[in-house]
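Peer 1: give the three-dimensional model of this entry:
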Amino acid sequence: MTLTGHLDATTWDFRLVATQELRSSREAHVSAQQEAPFDEARFPGAHVDPRRPRRSEGPSAQGPSPAVGLIGRLNRSHEFQRLRSEGTRVRSGFLWCVMLRDPSLPAPQVAFAIGRPFGSAVRRNRLRRQLRAILTAREIDLGPGMFLIGVNNPSRHTPLPSFAQLSSDVEGILTKGRGR
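Peer 2: Reported below is the predicted structural model:
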């Protein structure tokens with residue numbers, strides 16, 4: 001509401017009343033009385049997830065989870081030194097292998113030597129995954145021991161062999177390795 005012109009006492013009173021009416025129309029009428037208290041006081045429950053077991057499970061394991069198959073990995077320097085000094089070297093097609101049969105091991109342990117000259121990380125990892133799948137399927141033929149598998153004459157321009165070709169190369173390595 002806007003009034004223009006000269007302000008006198010009656011105009012001032014009118015403005016004051018109009019402002020108070022506007023304020024009172026925007027305010028809600030709330031009762032000052034409180035509700036009656038409950039018979040029992042409500043206490044919150046314990047801060048425990050009801051879906052979890054109540055027994056202690058201990059801390060979670062750290063580091064990578066173990067391999068899905070029974071094939072282990074070579075990763076210690078003394079294992080590679082032993083493989084280098086006592087192992088048998090075999091070649092077949094696209095692959096080479098240094099192997100050492102060791103009945104004291106619970107399962108075969110495998111490492112891959114596929115360097116940058118072979119190509120990009122995507123290409124090297126694809127070859128590793130294919131070889132790991134082939135070796136997992138042939139785990140019984142591997143037997144306990146240590147195996148280091150690499151690529152003959154790696155080059156970026158060498159076409160990646162098919163899965164069937166890799167399978168036959170692994171078969172050749174295992175056949176030649178049994179004879180030695």
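
Peer 1: which one is Leu105 nearest to, not counting chain neighbours?
Peer 2: Pro144 (4.2 Å; C-beta to C-beta, 6 or more residues apart in numbering). From N, CA and C alone the C-beta is placed, and that goes for glycine too.

Peer 1: hang on, isn't that neighbour packed against Pro103?
Peer 2: Yes - taking C-beta atoms under 8 Å as the contact criterion, Pro144 and Pro103 are neighbours in contact, 5.6 Å apart.

Peer 1: what about the two, which has more around it?
Peer 2: Applying other C-beta atoms under 10 Å to Pro144 and Pro103 shows that Pro144 carries more neighbours, namely 14 against 8.

Peer 1: what residues are up against the more buried one?
Peer 2: By C-beta atoms under 8 Å, 6 or more residues apart in numbering, the contact list for Pro144 reads 101-108.

Peer 1: so which of the residues you listed belong to strands?
Peer 2: 101, 108 (DSSP state E).

Peer 1: which of the contacts of Pro144 has the most neighbours?
Peer 2: Of all the contacts of Pro144, Pro108 has the most neighbours under the rule other C-beta under 10 Å, reaching 25 neighbours.

Peer 1: against Met99, how distant is that one?
Peer 2: Separation of Pro108 from Met99 (C-beta to C-beta, to the nearest Å): 9 Å.

Peer 1: overlap in contacts of the two?
Peer 2: For the pair Pro108 and Met99, residues contacting each of them under the criterion C-beta under 8 Å, 6+ apart are 145-147.

Peer 1: so what's the nearest residue to Asp102 once chain neighbours are set aside bridging to?
Peer 2: Here the nearest residue to Asp102 in space, its sequence neighbours aside, is Gly145; by C-beta to C-beta, 6+ apart that works out to 4.8 Å. Taking DSSP bridges, one obtains Arg101, Pro108 as the residues bridged to Gly145.

Peer 1: just Trp96 next, same as before
Peer 2: Here Trp96 shows beta-bridge partners Arg91, Gly150, assigned using DSSP bridges.

Peer 1: so how many other residues sit close to it?
Peer 2: Trp96 is flanked by 18 other residues according to other C-beta under 10 Å.

Peer 1: do Glu79 as well
Peer 2: Tallying neighbours of Glu79 according to other C-beta under 10 Å, which is how burial is gauged here, yields 16.

Peer 1: residues in contact with Arg82?
Peer 2: For Arg82, the residues meeting the contact criterion (C-beta under 8 Å, 6+ apart) are 100, 146.

Peer 1: surely it is in a helix?
Peer 2: Yes - the secondary structure assignment for Arg82 places it in a helix, going by DSSP: H, G, I helix; E, B strand; the rest coil.
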